[in-house]
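In: I'll drop the sequence and a predicted model, then ask my questions.
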Amino acid sequence: MRILLIQPAKPPVSIGGDDVFLFEPLALEYIAAGVSGAHDVKILDMRLESDLQSVLQRFAPQVVGVTSYTIHVNVVRKLFAQVKQTIPQALTVVGGHHATVMPEDFISPYIDLIVKGEGVFAFSEIVERFGRAEGFTGIPGVAFADGEALVNSAPDAAIDLDSLPFPDRTLTTKYRKHYYSQWMKPLASIRTSKGCPYRCSFCALWKLTGGRYLKRTPENIVRELSGIDEEYVFFADDESLVDAPRMKKLALLIEQAGIHKQYFLYARSDTIARNHELLSLWKRIGLKKVFVGLEFFRDTDFEVVGKSTSIADNEKAMEILNELDIEPYASFIVRPDLLKEDFAAFRRYCRSLALGFIGFAVLTPLPGTDLYEQSKEQLITSNCDYFDFIHTVLPTKLSLKEFYDEYYRLYRQALSPTRALAQLSRYRLSDIPGTLIKSYRFYNRLRRAYRDYEAASPVTPEDTRRETGLAIGKKSA
């Protein structure tokens, strides 16, 4: 059977994301690994190759699967419309984060099945049943529309990550040189764990595993890592250092195996602050960069989102990373209710940390989070295209123009020019022109983001559900 798996591009109005980093479609590589041995599988990364129509005509897939975050909802619905209009008999399947937390947003005459949760085994079962012309009722995690309602089967919340096949990276061979984050290029990704034991209200990841922290064994991880060709490797975990003894064992096994790579991983500031020795060990085996959510510039803000870190944790974490010469990829949250004096204090705080790179995300109540439930009545738009962490979907105290003027100044002035230039020196000379062009485009769009609210209509999933008068058939038989 011919199976096409699609990584969608973000919508045109959204800012950041694919414009500033590009990770391999690891979720699709996992899905592919579950079926590629018995079927003809193709991955189309539409962030790099946009001509879906040509692929549909040449490959003529019998099954089409698409993954989706919230930002992709409207894009994905349009992709499936194109698929069904070209190949009406194709089975269409959507999965990913948004399908898990808000499956009802994918009720559409063009979408046959919705997969919630870990999709490797569910998708494999879907393909086998489709080949036998059987129904899909009872597959764990699979939902389908019956009119305007969903027929649901609960996903497995806890899964043995070691039971999953290794991702099939051969299906992204032609794209792999393009995956990167800053100067790390080409960049491979590997997942060593799933979930998080913490309960931040702006995050839904801990809910997807019922609050459990699921882990792969170090031995299993090393076997996969030994087969990765790229020098740079990103750990695509929700938080990599939660289990310090496990990560110590993993580092020692990597060292014993003679694997020489440069690593990039996620860690909370309080985790870093508690694990100087562990980070020193990881530095020895190649840890170069840590994505750390510093989040705020004052302690009272942490309480708003239920995060149990502090300014003291942030400062201790920066001290440890600087001492070990591990580059912090610092991320902050910009509250929409900030005033001009708050932005000024924010800039001063960032300058005091002497960082080399900073990202600023607007506080965004993503569907599936406690924050969304607390604030959904306040949303100024429910158009998923705007859930990019740059466009605010909550009301601002400043006018939108003033807010984005200050947001722009925060990005441009939070780093000293000396630090910014030092960061640029990490890049290969051939990548610097493209990096500068992307930066210019990002800042230009950021400064003018307030205009997007005037120009665009607030399309919602409810609107796109009414895109045709076609009835939605039941998929159980």
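Out: Noted; the coordinates are in hand. Since the model is a prediction, treat every value here as computed from it, not as a measurement. Residues are numbered from 1 along each chain as shown.
In: surely residue 6 is within a helix?
Out: No. Residue assignment for residue 6, taken from DSSP: H, G, I helix; E, B strand; the rest coil, gives strand, which places it outside any helix.
In: that one touches residue 64, doesn't it?
Out: Yes. Counting by C-beta atoms under 8 Å, residue 6 does reach residue 64; the two are 6.8 Å apart. The way it works is simple: take the backbone N, C-alpha and C, and place the C-beta from them, glycine included.
In: so between those two, which is more surrounded?
Out: residue 64 (29 against 25; other C-beta atoms under 10 Å).
In: pLDDT of the helix or strand that contains that one, averaged?
Out: Element membership of residue 64, judged by DSSP states H and E, is strand 63-67. Strand 63-67 carries an average pLDDT of 98.
In: and stretch 258-272, by the same measure?
Out: 96.
In: give me the distance from that stretch to the chain's centre.
Out: Using C-alpha atoms, centre = their mean, to the nearest Å, the mean C-alpha position of stretch 258-272 is found 18 Å from that of the whole chain.
In: same thing with stretch 313-328?
Out: 24 Å.
In: what are the buried residues along that stretch?
Out: 313-314, 316-318, 320-321, 324, 326-328 (16 or more other C-beta atoms under 10 Å).
In: then stretch 350-357?
Out: Those would be 350, 353, 355-357, for stretch 350-357 by 16+ other C-beta under 10 Å.
In: what's the end-to-end length of it?
Out: With C-alpha to C-alpha, to the nearest Å as the measure, stretch 350-357 spans 10 Å from end to end.
In: what's the average pLDDT for it?
Out: Per-residue scores along stretch 350-357 average to 88.
In: what does it contact?
Out: Outside stretch 350-357, the residues that touch it by C-beta atoms under 8 Å, 6 or more residues apart in numbering are 182, 294, 297, 314-315, 318, 327-330, 332, 358, 410, 413-416, 419-420, 422-423.
In: and the residue lying closest to residue 266 once chain neighbours are set aside, what does it touch?
Out: In space, residue 266 comes closest to residue 291 once its chain neighbours are excluded; the distance is 4.8 Å by C-beta to C-beta, 6 or more residues apart in numbering. Residue 291 makes contacts with 264-267, 329, 331, as judged by C-beta under 8 Å, 6+ apart.
In: now with 10 Å?
Out: By C-beta atoms under 10 Å, 6 or more residues apart in numbering, residue 291 lies in contact with 181, 234-235, 240, 264-267, 328-331, 357, 359.
In: for this protein, longest helix please?
Out: Longest helix in the chain, counting residues (DSSP state H): helix 432-447.
In: what's the helix or strand for residue 140?
Out: Applying DSSP H and E, one finds residue 140 in no helix or strand.
In: residue 251 contacts residue 281, doesn't it?
Out: Yes. Using C-beta atoms under 10 Å, residue 251 makes contact with residue 281 at a distance of 4.9 Å.
In: go ahead and confirm residue 185 touches residue 264.
Out: No. Residue 185 is beyond contact range of residue 264, at 11.4 Å (criterion: C-beta under 10 Å).
In: related to what we said a few turns ago, output the helix or strand following the longest helix of the chain in CSV with nothing but the alpha carbons.
Out: Using DSSP H and E, the helix or strand that directly follows helix 432-447 along the chain is helix 452-455. Extracted C-alpha coordinates of helix 452-455, given in CSV (Å, rounded to 0.1, in the frame of the first residue of the first chain):
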residue,chain,number,x,y,z
ASP,A,452,-2.2,41.4,11.0
TYR,A,453,-5.3,41.8,13.2
GLU,A,454,-6.7,44.5,11.0
ALA,A,455,-6.1,42.6,7.7
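In: output the contacting helices and strands for helix 452-455.
Out: helix 400-413 (3 or more C-beta pairs under 10 Å, 6 or more residues apart in numbering; DSSP states H and E).
In: ok, back up a step: now, which of the buried residues of stretch 313-328 lie within helices?
Out: 313-314, 316-318, 320-321, 324.
In: can you map out the helices along the stretch 201-350 of the chain?
Out: 205-208, 218-225, 244-256, 269-274, 276-285, 299-305, 311-324, 340-353 (DSSP state H, counting those that start in this stretch).
In: for the ones you listed, give me JSON lines that also has distance to residue 33.
Out: Formatted as JSON lines, these follow (distance: least, C-beta to C-beta, whole Å):
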{"stretch": "helix 205-208", "distance to residue 33": "20"}
{"stretch": "helix 218-225", "distance to residue 33": "11"}
{"stretch": "helix 244-256", "distance to residue 33": "22"}
{"stretch": "helix 269-274", "distance to residue 33": "30"}
{"stretch": "helix 276-285", "distance to residue 33": "27"}
{"stretch": "helix 299-305", "distance to residue 33": "36"}
{"stretch": "helix 311-324", "distance to residue 33": "34"}
{"stretch": "helix 340-353", "distance to residue 33": "41"}
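In: looking at these, which one is packed in the most?
Out: helix 269-274 (a mean of 22; mean count of other C-beta atoms under 10 Å).
In: that helix: how far from the chain's middle?
Out: Distance of helix 269-274 from the chain centroid (C-alpha atoms, centre = their mean) equals 23 Å.
In: now do that helix: which elements does it pack against?
Out: Short answer (3+ C-beta pairs under 10 Å, 6+ apart): helix 269-274 packs on helix 276-285, strand 287-295, helix 311-324, strand 327-334.
In: contacts only, for residue 132.
Out: When contacts are taken as C-beta under 10 Å, 6+ apart, residue 132 is in contact with no other residue.
In: so what's the residue nearest to residue 239 when sequence neighbours are not counted up against?
Out: In this structure, residue 239 finds its nearest non-sequential neighbour in residue 196, 5.1 Å apart by C-beta to C-beta, 6+ apart. By C-beta under 10 Å, 6+ apart, the contact set of residue 196 is 203, 205-209, 211-213, 237-239, 242, 266, 268.
In: nearest to residue 129 among those residues?
Out: Residue 129 has its nearest neighbour among the contacts of residue 196 in residue 208, at 24.8 Å by C-beta to C-beta.
In: what about the closest residue to the closest one other than its chain neighbours, how many neighbours?
Out: Spatial nearest neighbour of residue 208, chain neighbours left out: residue 100 (6.3 Å); criterion: C-beta to C-beta, 6+ apart. The number of residues packed near residue 100 is 21, by other C-beta under 10 Å.
In: just the one 5 residues further on next, same as before
Out: A count of neighbours around residue 105, defined by other C-beta under 10 Å, yields 24.
In: quick one: it and residue 22, what's the gap?
Out: 25 Å (C-beta to C-beta, to the nearest Å).
In: how about residue 278?
Out: Between residue 278 and residue 22 the distance is 29 Å, computed by C-beta to C-beta.
In: residue contacts, residue 286?
Out: Counting by C-beta under 10 Å, 6+ apart, residue 286 touches 231-233, 251, 254-255, 259-264.
In: overlap in contacts of residue 251 and residue 281?
Out: Common neighbours of residue 251 and residue 281 (C-beta under 10 Å, 6+ apart) are residue 287.
In: good, we can wrap up now.
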